[in-house]
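Student: Got a predicted structure here, sequence first:
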Amino acid sequence: MIQDIAPSRLDNTYSPSIPGMEDRVLVFDSEGRLYCGEEDGRLLFTTGRDTGREGTVYLFSVDGDGYFLAPPGTGCVRKGFSFRTVREIRDTGRGRELFAVFTAYHLWKWYADNRFCGRCGGINEPGKTERSLVCARCGCTVYPRINPAVIVGVVKGESLLITRYRRGYAHNALVAGFTEIGETLEKTVAREVMEETGVKVKNIRYYKSQPWGMAQDILAGFFCEADGDQEVRPDGQELKFAEWVRREDIVPQPNDLSLTNEMMKLFIRIGPEVMRLPSPAP
């Protein structure tokens with residue numbers, strides 16, 4: 001999955017500092033497109049030498065290499081570089097650089113959406129000792145937003161409930177959705193499957209989680225069983241396709257970035273035995 005970058009390691013410990021000339025200083029435009037290049041299949045980023053270091057915000061490090069966020073409106077010109085959406089980068093990037101882009105985008109989105117205090121309208125400034133934004137006027141403090149969501153593999157014998165979205169991602173997927181106020185993750189699983197496909201489920205079992213910075217999510221994967229022989233009724237709004245597909249007929253996604261794809265491929269390999277997998281190690 002996208003976060004599986006071993007032996008590389010992400011260190012997200014907050015450590016406010018000034019970038020060096022060779023540290024990555026990422027430039028996003030107002031639409032969230034990243035200014036980047038590519039060489040021999042690897043993503044290339046702007047550095048402190050390209051952008052200057054004034055007004056930058058420390059994001060994280062990967063294998064000791066620092067990543068910083070350039071202030072809004074930063075101008076920079078490098079040969080072969082252009083502004084690209086995270087979705088475009090997802091289709092061509094890989095490895096630690098791609099995970100860095102997803103994580104940086106998550107933080108860029110939070111900073112961009114919280115320039116002003118939601119309580120009094122004052123200007124927010126980066127916290128000095130932790131990853132936070134603090135209102136210079138009233139002191140209200142906010143922290144990065146992480147949206148909990150579920151990915152659900154619904155099993156019926158040798159078949160899995162496969163979906164496709166009406167808009168956006170065009171490949172096979174699983175039922176997915178955000179957790180609502182007052183819900184457990186398990187309640188989210190049952191509600192989302194019923195809302196999107198009309199299928200009632202039972203025996204809900206946690207599988208694995210994944211950070212997904214593209215949507216500021218933490219995704220929790222679950223497998224569950226259909227409660228009886230039920231007809232699939234796609235909601236017609238989010239989904240254009242939802243159907244029971246036998247394991248030998250499932251077409252996985254074209255890359256190994258997502259928890260969704262890992263769950264589909266696992267079902268292709270072991271079928272309904274996914275319901276008897278032990279709980280993951282902590």
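Tutor: Received it, and whenever you're ready, just let me know what you need.
Student: in stretch 33-47, what counts as buried?
Tutor: Within stretch 33-47, the residues that count as buried by 16 or more other C-beta atoms under 10 Å are 33-36, 38, 43, 45-47. All C-beta spots, glycine's among them, are computed from the backbone N, C-alpha and C.
Student: Same list (these) but as a markdown table, adding pLDDT, secondary structure and distance to D23.
Tutor: Listed next are the buried residues of stretch 33-47 as a markdown table, based on pLDDT from 0 to 100; DSSP: H, G, I helix; E, B strand; the rest coil; distance: C-beta to C-beta, whole Å:
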| residue | pLDDT | secondary structure | distance to D23 |
| --- | --- | --- | --- |
| R33 | 96 | coil | 21 |
| L34 | 97 | strand | 16 |
| Y35 | 97 | strand | 15 |
| C36 | 95 | strand | 15 |
| E38 | 91 | strand | 20 |
| L43 | 92 | strand | 15 |
| F45 | 96 | strand | 9 |
| T46 | 95 | coil | 10 |
| T47 | 94 | strand | 6 |
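Student: Identify, from these, the entry nearest to S159.
Tutor: Ranked by distance to S159 (C-beta to C-beta), those are led by L43 at 38.3 Å.
Student: How many residues are close by the spatially closest residue to the closest one that is not a sequence neighbour?
Tutor: Once flanking residues are discounted, L43 sits nearest to E97: 4.0 Å by C-beta to C-beta, 6 or more residues apart in numbering. Around E97 there are 20 other residues, counting by other C-beta atoms under 10 Å.
Student: distance of E97 from L239?
Tutor: E97 is 32 Å from L239, where distance means C-beta to C-beta, to the nearest Å.
Student: Also L160?
Tutor: With distances taken as C-beta to C-beta, L160 is found 15 Å from L239.
Student: re the thing from before, helix or strand right after the helix or strand harbouring the residue nearest to L43?
Tutor: Secondary structure from DSSP states H and E places E97 in helix 95-113. Going down the chain from helix 95-113, the next helix or strand is strand 124-126, by DSSP H and E.
Student: Need the contact partners of that following strand.
Tutor: Applying C-beta atoms under 8 Å, 6 or more residues apart in numbering, the contact partners of strand 124-126 are 16, 57, 114-117, 132-136, 142.
Student: Direction included, what does that strand pair up with?
Tutor: Each strand paired with strand 124-126, and its direction, by DSSP bridges: strand 133-135 (antiparallel).
Student: Count the neighbours of E130 for me.
Tutor: Neighbours of E130 under the rule other C-beta under 10 Å: 11.
Student: With I146 instead?
Tutor: I146 has 14 neighbours, counted by other C-beta under 10 Å.
Student: So E88 lies in a helix, does it not?
Tutor: Yes - according to DSSP: H, G, I helix; E, B strand; the rest coil, the state of E88 is that of a helix.
Student: Pass me the low-pLDDT residue ranges in the stretch 101-250 of the chain, would you?
Tutor: 168 (pLDDT under 70).
Student: Show me the strands in it, by range?
Tutor: Assigned by DSSP state E, counting those that start in this stretch, the stretch 101-250 of the chain shows strands spanning 124-126, 133-135, 141-142, 147-156, 159-165, 175-178, 201-212, 217-226, 239-246.
Student: Deepest in the core, which of those is it.
Tutor: Of all those, strand 147-156 carries the top mean neighbour count, a mean of 23, counting by mean count of other C-beta atoms under 10 Å.
Student: hmm, who's touching that one?
Tutor: With contact meaning C-beta under 8 Å, 6+ apart, strand 147-156 is reached by 160-161, 174-179, 185, 188-189, 192-193, 197, 199, 201, 207, 212, 215-226, 229, 244, 259-260, 263-264, 267, 272, 274-275.
Student: picking that back up, widest-spaced pair of the contacts of strand 124-126?
Tutor: Checking these with C-beta to C-beta, the most distant pair is P16 and F116, at 21.1 Å.
Student: how much space between R49 and R24?
Tutor: For R49 relative to R24 (C-beta to C-beta), the value is 11 Å.
Student: who's more crowded, those two?
Tutor: R24 (25 against 13).
Student: pLDDT value on that one, please?
Tutor: What the model reports as pLDDT for R24 is 95.
Student: Which residues lie in contact with it in this structure?
Tutor: Shown in contact with R24 (C-beta under 8 Å, 6+ apart): 45-47, 65-68, 100.
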